[in-house]
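curious how this folds, go ahead:
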Amino acid sequence: MTTINMLSSAQKVKGQGVASAYVEQVNLVKYGLTDEYKVEINRFKLSDITHYHTVDFKHFLSLPFAKVAGKTVGYVHFLPETLDESLDMPILFKKVFYRYIIAFYNSMDYLVTVNPHFIDKLYEYGIDKKKITYIPNFVSSKEFYPYNRERKNEIRRKYSIDENTFVVLGVGQVQTRKGVLDFIKVAESMPDVQFVWAGGFSFGRITSGYKELKKIVEDPPKNVKFIGIIERKDMNSVYNIADTLFMPSYNELFPMAILEAMNCNLPIVLRDIDIYKNILFDYYLRAEDNNGFKEILYNLKQDKDYYKKAQKSSKKGSSYYSKEHVLLLWQKFYDNVRKDLKTNRLLGKRYEKKSN
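Below is the predicted model of the structure:
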């Protein structure tokens, strides 16, 4: 039995997608590959495979010991440029931290990225492409699924939203990179539509654009509700109050919110940026600016056939990123790591014999 030690501190900070991705990946492997792999969580012990989900300094210090025992795997949830648009930090600290991130990734035997677009980005930082594997995020259909109309109306009443109002939902940390300002501008241009944003300032005052965004959150337009950071166990209900997901982010990897919303059969409206093209294909609606977003949202609200077509595309996306498909990718990946580990151990034994 091969042991996989999952190391992460992602759940210490609420309202960030990294924590959701960590929970889903661990559960998928822990309960899906039980015949061949034993998963342990945050155990500082020698294991066959040590899988690092976050870039903690204590994790970095453990690398030499992890490499003696087996192979190391790093999960790439962000790059320096994505953090640059998310957090406001002193320039000197930023430079040191960004170098540290790349050094952390470079120290791994293997890297897994949730978006193929970032393989070339990592290569530009001097990281060997051969050790990078693309495996998409996954969301359980048992945790995220559509409610019936009666249940949806019940949740709407909880949030003081009229049953017949068209609801546009945004999900994520309240920060400039997420396109929150554009979300507000589109909302102001559509006063007959209810806009809801689920998420908050997970990193407090160092959040990019904090002062400006804080004022908006405290005094939003009449048709906008900021409902704050929601526990993940309650997020399915939040998706079910909505008619569509609208996320005008400028930079992402592979937001868990998109997969969660797809599982709830919501049409997906996103900014037209390169990172989505190789992972979302034609499963979503896209625009380059606020006028384009407004046009799409208006069509979803007014045209039933247009809405059904968009909903059908979203369902296809949900099926594509199924549990079976993603689990197979993880099994293939871990099998290759294990094969490499066994080869190295065999060579090590032969070397010992020759030395003796």
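
domains in the protein, by residue range?
Domain assignment for the chain by automatic domain parsing gives 2-138+322-355, 149-320.

how about those domains in CSV, adding mean pLDDT?
Output for these, formatted as CSV (pLDDT from 0 to 100):
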stretch, mean pLDDT
domain 2-138+322-355, 86
domain 149-320, 93
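
reformat the ones you listed as JSON lines; add mean neighbour count.
C-beta here means a position set from N, CA and C on the backbone, and glycine is covered the same way. Supplementary listing: these in JSON lines, determined by neighbours: other CB atoms under 10 Å:
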{"stretch": "domain 2-138+322-355", "mean neighbour count": "16"}
{"stretch": "domain 149-320", "mean neighbour count": "18"}
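
helices of the stretch 201-350 of the chain, start to end?
Listed from the start of the chain, the stretch 201-350 of the chain has helices (DSSP state H, counting those that start in this stretch) covering 210-218, 235-239, 256-263, 274-280, 290-302, 304-320, 323-355.

and of those, who's closest to Lys130?
Smallest distance to Lys130 across those (CB to CB): 11.5 Å, for helix 323-355.

and the strands in the stretch 151-300 of the chain?
167-171, 194-198, 224-228, 244-247, 268-271, 285-287 (DSSP state E, counting those that start in this stretch).

now those as a markdown table including distance to Arg345?
Formatted as a markdown table, the strands of the stretch 151-300 of the chain follow (distance: least, CB to CB, whole Å):
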| stretch | distance to Arg345 |
| --- | --- |
| strand 167-171 | 45 |
| strand 194-198 | 48 |
| strand 224-228 | 50 |
| strand 244-247 | 46 |
| strand 268-271 | 46 |
| strand 285-287 | 48 |
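
can you put the helices of the stretch 201-350 of the chain in TSV and add distance to Asp35?
Shown next, in TSV, are those (distance: least, CB to CB, whole Å):
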stretch	distance to Asp35
helix 210-218	48
helix 235-239	30
helix 256-263	26
helix 274-280	30
helix 290-302	45
helix 304-320	26
helix 323-355	10
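
out of those helices, which is closest to Ile101?
Ile101 lies closest, by CB to CB, to one member of the helices of the stretch 201-350 of the chain: helix 274-280, at 18.2 Å.

contacts for that closest one?
Outside of helix 274-280, the residues within contact range by CB atoms under 8 Å, 6 or more residues apart in numbering are 115-118, 136, 251-254, 258, 268, 270, 284, 286, 317.

mind redoing it with 7 Å?
Here helix 274-280 makes contact (CB atoms under 7 Å, 6 or more residues apart in numbering) with 115-117, 136, 252, 254, 270, 284, 317.

who wins for proximity to Gly70 among the helices of the stretch 201-350 of the chain?
Comparing the helices of the stretch 201-350 of the chain by CB to CB, helix 323-355 comes nearest, at 5.6 Å.

circling back: let me know the closest of the contacts of helix 274-280 to Arg149.
Gly317 (22.9 Å).

just checking, the closest one touches Glu260?
No. Gly317 is beyond contact range of Glu260, at 11.4 Å (criterion: CB atoms under 7 Å).

among the strands of the stretch 151-300 of the chain, which is nearest Val238?
If you check each of the strands of the stretch 151-300 of the chain against Val238 by CB to CB, strand 194-198 wins as the nearest, at 5.1 Å.

okay, the angle between the closest one and strand 224-228?
20 degrees (axes from the mean of the first three to the mean of the last three CA atoms, to 10 degrees).

paired strands for strand 194-198, with orientation please.
strand 167-171 (parallel), strand 224-228 (parallel) (DSSP bridges).

Ala19: helix or strand, and which one exactly?
According to DSSP states H and E, Ala19 maps onto helix 17-32.
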